[in-house]
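# Just need the structure, nothing else, for what follows:
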Amino acid sequence: MGTNRDESQNSGSENQHSGEAERRAAEKFISDLLARGEAVFEGQEPTPRTTHVIKREDDGRLTVRRLRFR
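Residues are numbered from 1 along each chain as shown. Down below sits the predicted model:
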């Protein structure tokens, strides 16, 4: 029984680390798109190089939508 309790406590911790890793990966992806000039924020005029549009949600999260392929 003690093993199950330990596993459930560890999985909660793993979920936090996994969520943090996902958030950092998403931020890096968006940062890289912006650095390469392949993304614009919603409401900005897309350029010929723009492949993605970034939108800030009401809760502050950034979401990425593919606009087109290059």
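# Next up, phi/psi of the spatially most central residue of the chain, please.
When C-alpha atoms, centre = their mean is applied to the chain, the residue found nearest the centroid is residue 26 (2.6 Å). Here is the backbone geometry of residue 26 (degrees, to the nearest 10): phi -70, psi -40.
# now residue 48
Here is the backbone geometry of residue 48 (degrees, to the nearest 10): phi -60, psi -20.
# ok, it - contacts?
Not one residue lies near residue 48 by C-beta atoms under 8 Å, 6 or more residues apart in numbering. From N, CA and C alone the C-beta is placed, and that goes for glycine too.
# Wait, the residue nearest to the centre of the chain touches residue 62, no?
Yes. Counting by C-beta atoms under 8 Å, residue 26 does reach residue 62; the two are 7.3 Å apart.
# Could you check how many residues crowd around residue 63?
Counted with other C-beta atoms under 10 Å, the neighbours of residue 63 add up to 12.
# So which residues of the chain form helices?
For the chain, the helices defined by DSSP state H occupy 2-35.
# Can you report how many residues neighbour residue 46?
Residues lying near residue 46 (other C-beta under 10 Å) number 13.
# so how far is residue 15 from it?
Here the criterion is C-beta to C-beta, to the nearest Å. By it, residue 46 lies 36 Å from residue 15.
# show me the contacts for the nearest residue to residue 51 once chain neighbours are set aside.
Take residue 51 and drop its neighbours on the chain: the residue closest to it by C-beta to C-beta, 6 or more residues apart in numbering is residue 38, 4.7 Å away. For residue 38, the contact set (C-beta under 8 Å, 6+ apart) comprises 49-52, 70.
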